[in-house]
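[1] Sequence and predicted model, in that order:
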Amino acid sequence: MRVRHLWVLAVMITAIPPALADSSTHDPNRSIYRAPYAQVSPTVDGLPDDQAWRFANWRAVKERWLGPAYTPDDFSGRYKVVWTENHLHILFELTDDIIIDRYRNPLIRYWDDDTLEIFIDEDHSGGNHQYNHNAFAYHISLDNQAIDLGTDSKPRSYTHHVESRWKQNGDLIHWEVNIQVYSDSYNDDGQDNSPVKLHRGKVMGFLLAYCDNDGSEIRENFIGSEIAEGPSPDRGWIDAGLFGTLELVD
């Protein structure tokens with residue numbers, strides 16, 4: 001009887017929740033990142049010394065979606081995620097030998113500067129989000145502005161959703177971001193949009209990527225945290241099925 005009880009417990013621990021196992025709206029071979037709860041919110045200052053980061057695992061940003069092969073000195077990156085009731089907290093650590101913010105207007109060719117991209121699908125539904133808020137694709141610039149396409153098909157600033165700071169620390173750059181999470185009911189012209197409250201067990205779609213420009217008119221590389229196969233590997237800005245899974249845990 002004791003053996004049987006242990007076997008049942010093992011099945012309960014290793015079973016994948018249905019929300020994580022559903023592949024009907026997502027590409028195969030998606031990752032699962034389990035973000036721990038932060039008792040104290042990390043301070044957004046570009047310094048990776050907050051206690052909360054100690055309990056989160058690193059995940060590499062290494063999948064080359066666009067551009068030629070590159071060296072680790074040209075780019076390498078990894079991230080961590082923790083959560084509190086009101087925010088996702090992201091720490092992105094990267095090496096980038098040349099930092100460029102060529103286009104000063106944040107609504108013009110924002111993807112061709114050095115840019116951190118954070119993609120969030122609040123209900124893990126997958127599917128198209130090009131000109132709707134089924135998911136958000138925050139393009140966060142070096143001057144800490146966040147841009148995505150609105151429901152009018154035009155770039156809009158969503159900087160009020162995001163708190164962002166980065167700082168160079170030796171050969172590394174640490175970029176900290178707090179993000180309020182919104183559902184697909186978000187109204188671009190509404191005055192009463194409220195972020196969702198986060199809780200243990202919540203499952204979302206999540207993807208992180210980096211646009212690397214070393215001096216060209218356009219970015220040389222686009223590198224992400226998920227494998228992207230097929231003729232349009234950069235389609236994360238359209239298709240939330242490319243996102244990995246983010247589960248909020250204790």
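    Thanks, I have the structure now.

[2] State the pLDDT value of residue 24.
    pLDDT, residue 24: 82.

[3] Measure how buried it is and give me the count.
    6 (other CB atoms under 10 Å). Every residue, glycine included, has its C-beta placed from N, CA and C.

[4] In three-state terms, label it for me.
    coil (DSSP: H, G, I helix; E, B strand; the rest coil).

[5] So it versus residue 125, what's the distance?
    For residue 24, the distance to residue 125 equals 10 Å [CB to CB, to the nearest Å].

[6] likewise residue 220?
    From residue 220 to residue 125 the distance is 33 Å (CB to CB).

[7] Check residue 234 too.
    Taken as CB to CB, the span from residue 234 to residue 125 is 21 Å.

[8] just residue 185 next, same as before
    Distance from residue 185 to residue 125, by CB to CB: 13 Å.

[9] higher neighbour count, these two?
    residue 125 (17 against 11).

[10] hang on, isn't that one packed against residue 239?
    No: if you go by CB atoms under 8 Å, residue 125 and residue 239 don't touch, sitting 11.8 Å apart.

[11] Now for residue 230, how many residues are close by?
    Other residues close to residue 230 by other CB under 10 Å number 9.

[12] what ranges do the helices span in the protein?
    Ranges of helices within the chain are 2-14, 18-21, based on DSSP state H.

[13] Mean pLDDT lowest where, among these?
    Among those, helix 2-14 scores lowest, at a mean of 35.

[14] May I have the residues that are in contact with the nearest residue to residue 174 once chain neighbours are set aside?
    Take residue 174 and drop its neighbours on the chain: the residue closest to it by CB to CB, 6 or more residues apart in numbering is residue 48, 4.7 Å away. The contact partners of residue 48, by CB atoms under 8 Å, 6 or more residues apart in numbering, come to 91, 93, 169, 174, 176.

[15] Next step: the residues you listed restricted to strands.
    The strands, defined by DSSP state E, take in 91, 93, 169, 174, 176 from the contacts of residue 48.

[16] So for the residues you listed, which is the shakiest by pLDDT?
    Lowest confidence among the ones in strands among the contacts of residue 48: residue 169, with 88.

[17] how close does it get to residue 139?
    In terms of CB to CB, residue 169 sits 24 Å off from residue 139.

[18] between those two, which one's more packed in?
    Applying other CB under 10 Å to residue 169 and residue 139 shows that residue 139 carries more neighbours, namely 23 against 13.

[19] Spatially nearest residue to residue 210 (excluding sequence neighbours)?
    The nearest residue in space to residue 210 (CB to CB, 6+ apart) is residue 223, at 5.3 Å.

[20] Tell me how many other residues surround that neighbour.
    With other CB under 10 Å as criterion, residue 223 counts 23.

[21] again, but for residue 175
    Count around residue 175 with other CB under 10 Å applied: 23.

[22] Any idea what it is bridged to?
    residue 92, residue 166 (DSSP bridges).

[23] do you know how far it is from residue 74?
    Distance from residue 175 to residue 74, by CB to CB: 17 Å.

[24] can you check residue 213 too?
    Using CB to CB, residue 213 is found at 11 Å from residue 74.

[25] Comparing these two, which residue is more hemmed in?
    Taking neighbours as other CB under 10 Å, residue 213 and residue 74 compare with residue 213 leading, 22 against 16.

[26] That one contacts residue 112, correct?
    Yes: judged on CB under 8 Å, residue 213 makes contact with residue 112 at a distance of 6.1 Å.

[27] anything in contact with each of the two?
    By CB under 8 Å, 6+ apart, the residues touching both residue 213 and residue 112 are 102, 219.

[28] The nearest residue to residue 81 once chain neighbours are set aside: neighbouring residues, count only.
    Nearest in space to residue 81, with sequence neighbours left out and distances taken as CB to CB, 6+ apart, is residue 35 at 4.1 Å. Neighbours of residue 35 under the rule other CB under 10 Å: 23.
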